[in-house]
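Engineer: Okay, here's the prediction I keep looking at, along with the sequence it came from:
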Amino acid sequence: MHTKILLAGLATGAFALLIMTILSVTHTKIAIVSTLESDLPITLVQNETTTSETIGEQEAAVIRNKKNQQQAATTSPLAQFIPQASAAQINEVRTMAWIYPGNPACGANTEMADGRKIHTLKAEFFTISGGFLTLLDSTNTRCNGYSPTTIARLKQYSTEQYATVSSASVNDMETFFATALNASSSEIKTLVDFTVNNGITGIELDFEDFSSWTPVAYTNYKMFVQTLGDALHAQGKKLMLDGPAVSNATEEKWFLWRYNDFVNLPVDHMVIMAYDYQYDYGAGSPVAPLDWIRNVVNWTSTKYPKEKLTIGLPSYGYQGTVGSYRMTILTHEQIRKKVGYPTAVRDVRSGEMTWRSGTTVYFYQDAQSLKQKRDLVASLGITSVSVWHLGGNQWF
């Protein structure tokens with residue numbers, strides 16, 4: 001979205017997140033970065049035509065070493081990126097999870113009920129499509145869309161619930177604001193009434209394409225946040241925003257977004273999407289290096305109140321052509337079927353699992369990498385994380 005948004009669905013306006021291979025990079029920031037291929041602690045798989053039977057043989061041969069690899073990771077250089085979080089700090093962390101409509105995330109309905117502890121569930125019930133606010137329900141999405149039954153299930157398995165409003169395009173966003181900020185417009189009332197009528201906690205704005213925002217778009221976004229936040233608070237509801245990951249002054253220059261601009265606006269939670277590092281630094285980079293997450297937390301904490309920060313963490317993986325920006329986002333269920341999966345080793349910088357097959361590199365999250373990321377942010381005094389996404393991925 002590159003943050004997490006890649007593509008608005010052709011039929012629904014929802015994200016066709018996991019089926020698109022990126023052929024070009026929309027961020028303007030890539031011109032200043034270099035490839036990190038030479039630093040990768042990965043295993044090469046020479047045979048691209050490995051059969052499913054061979055995969056079974058590989059797994060039998062490799063599985064004996066798997067536990068040793070994972071145990072070694074706890075005493076490897078990876079430890080330098082992970083300050084020790086106390087049990088109290090870890091227990092204090094509240095977990096949020098995103099749900100988006102459509103395949104391959106239809107398993108979210110089952111996963112939220114499997115015993116995992118989720119404080120806040122955030123379902124993408126609205127998207128900005130063609131500049132218009134569009135409700136996502138059974139008429140335009142296959143699964144996870146809005147219905148009274150879906151709302152009831154969210155409430156059954158979480159303490160708080162948010163309706164996410166997504167926008168993948170600055171053009172759609174600008175068109176939407178031209179209407180929504182009009183005094184006679186009904187968009188803000190529609191969102192507030194949705195929270196009241198369905199008895200949910202609030203609204204989350206996931207407006208992305210950050211590197212393409214114009215000064216007018218950014219100004220209008222802040223005006224919309226002010227107006228929507230005031231209207232929600234008047235009804236006892238909350239507003240959550242999703243913002244880009246910024247770890248230093250150089251990365252801050254990639255965006256107009258400034259976290260200190262939102263300190264005095266009516267925002268209850270600010271989510272930093274601390275993932276998609278690979279879209280800025282190229283295929284062969286982890287999804288979210290631990291040292292980078294640490295720097296993101298430390299940098300942003302000087303700009304915005306730490307007690308209102310939530311750190312977005314990835315549960316997904318990707319495959320990409322090494323040295324390029326061509327990559328495909330994959331769930332764990334998808335990536336585990338790829339040739340070479342049993343040969344994956346743990347990446348030192350991120351704790352993620354990785355392997356290489358020819359010129360194709362793979363990264364994915366497992367329970368250990370998720371725990372390491374959560375424990376890292378807990379050690380830095382953050383008390384809330386948000387996982388992208390339920391449906392086909394592993395958990396803590």
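Structural biologist: Received the coordinates, thanks. Numbering: from 1, shown residues only.
Engineer: Please identify the buried residues of stretch 234-251?
Structural biologist: 237-247, 251 (16 or more other CB atoms under 10 Å). No exception for glycine: its C-beta is placed from N, CA and C like everyone else's.
Engineer: With adjacent residues omitted, what lies nearest to Leu256?
Structural biologist: Distance criterion CB to CB, 6 or more residues apart in numbering; nearest residue to Leu256, sequence neighbours excluded, is Tyr218 at 4.5 Å.
Engineer: ok, Gln368 touching Gly351?
Structural biologist: Yes - counting by CB atoms under 8 Å, Gln368 does reach Gly351; the two are 6.5 Å apart.
Engineer: Neighbour count: these two, which is higher?
Structural biologist: Gly351 (26 against 18; other CB atoms under 10 Å).
Engineer: ok, the more buried one touching Ala367?
Structural biologist: No - counting by CB under 8 Å, Gly351 does not reach Ala367; the two are 10.7 Å apart.
Engineer: any idea how far Thr300 is from Thr310?
Structural biologist: 11 Å (CB to CB, to the nearest Å).
Engineer: now Asp291
Structural biologist: 20 Å.
Engineer: who has more neighbours, these two?
Structural biologist: A side-by-side neighbour count of Asp291 and Thr310, using other CB under 10 Å, places Thr310 first with 25 against 14.
Engineer: if I pick that one, what's in contact with it?
Structural biologist: 96, 240, 269-272, 382, 384-386 (CB atoms under 8 Å, 6 or more residues apart in numbering).
Engineer: For PyMOL, what selects the buried ones among the residues you listed?
Structural biologist: Buried residues within the contacts of Thr310, by 16+ other CB under 10 Å, are selected in PyMOL with:
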select buried, resi 96+240+269+270+271+272+382+384+385+386
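Engineer: Reformat the contacts of Thr310 as CSV; add pLDDT.
Structural biologist: CSV is the format used below for those (pLDDT from 0 to 100):
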residue, pLDDT
Met96, 98
Met240, 99
His269, 98
Met270, 98
Val271, 98
Ile272, 98
Ile382, 98
Ser384, 98
Val385, 98
Ser386, 98
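Engineer: so which of the contacts of Thr310 comes closest to Thr328?
Structural biologist: The nearest member of the contacts of Thr310 to Thr328, counting by CB to CB, is Ser386 at 22.9 Å.
Engineer: Quick check: the closest one touching Val271?
Structural biologist: Yes - when contacts are counted by CB under 8 Å, Ser386 is listed as touching Val271 (5.3 Å).
Engineer: intersection of neighbour lists for these two?
Structural biologist: Joint contacts of Ser386 and Val271 (CB under 8 Å, 6+ apart) are 96, 310-312.
Engineer: that's a strand at Val361, yeah?
Structural biologist: Yes - Val361 forms part of a strand when assessed by DSSP: H, G, I helix; E, B strand; the rest coil.
Engineer: close enough to count as contact, it and Ser324?
Structural biologist: No - counting by CB under 8 Å, Val361 does not reach Ser324; the two are 10.0 Å apart.
Engineer: joint contacts of these two?
Structural biologist: Taking CB under 8 Å, 6+ apart as the contact rule, Val361 and Ser324 both touch Ala283.
Engineer: Show me which of these two is the more surrounded one.
Structural biologist: A count of neighbours by other CB under 10 Å puts Val361 above the other of Val361 and Ser324, at 25 against 15.
Engineer: pLDDT at the more buried one, what is it?
Structural biologist: In this prediction, Val361 carries a pLDDT score of 98.
Engineer: any idea how far it lies from Trp213?
Structural biologist: Where Trp213 is concerned, Val361 sits at a distance of 30 Å (CB to CB).
Engineer: cool, Gln156 as well?
Structural biologist: In terms of CB to CB, Gln156 sits 38 Å off from Trp213.
Engineer: if we can go back for a sec, which of the buried residues of stretch 234-251 fall within strands?
Structural biologist: 238-244 (DSSP state E).
Engineer: returning to that earlier point: I'd like the buried residues of stretch 234-251 laid out as CSV, including distance to Gly317.
Structural biologist: Listed next are those as CSV, based on distance: CB to CB, whole Å:
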residue, distance to Gly317
Lys237, 35
Lys238, 31
Leu239, 31
Met240, 26
Leu241, 26
Asp242, 21
Gly243, 23
Pro244, 21
Ala245, 18
Val246, 23
Ser247, 21
Glu251, 23
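Engineer: low-scoring stretches of the stretch 101-250 of the chain, by residue?
Structural biologist: Counting by pLDDT under 70, the stretch 101-250 of the chain shows no low-confidence range.
Engineer: mind listing the helices for the stretch 251-396 of the chain?
Structural biologist: 277-281, 290-301, 332-335, 367-379 (DSSP state H, counting those that start in this stretch).
Engineer: Which one, of those, ends up nearest to Asn393?
Structural biologist: Among the helices of the stretch 251-396 of the chain, helix 332-335 sits nearest to Asn393 (CB to CB), with 4.8 Å.
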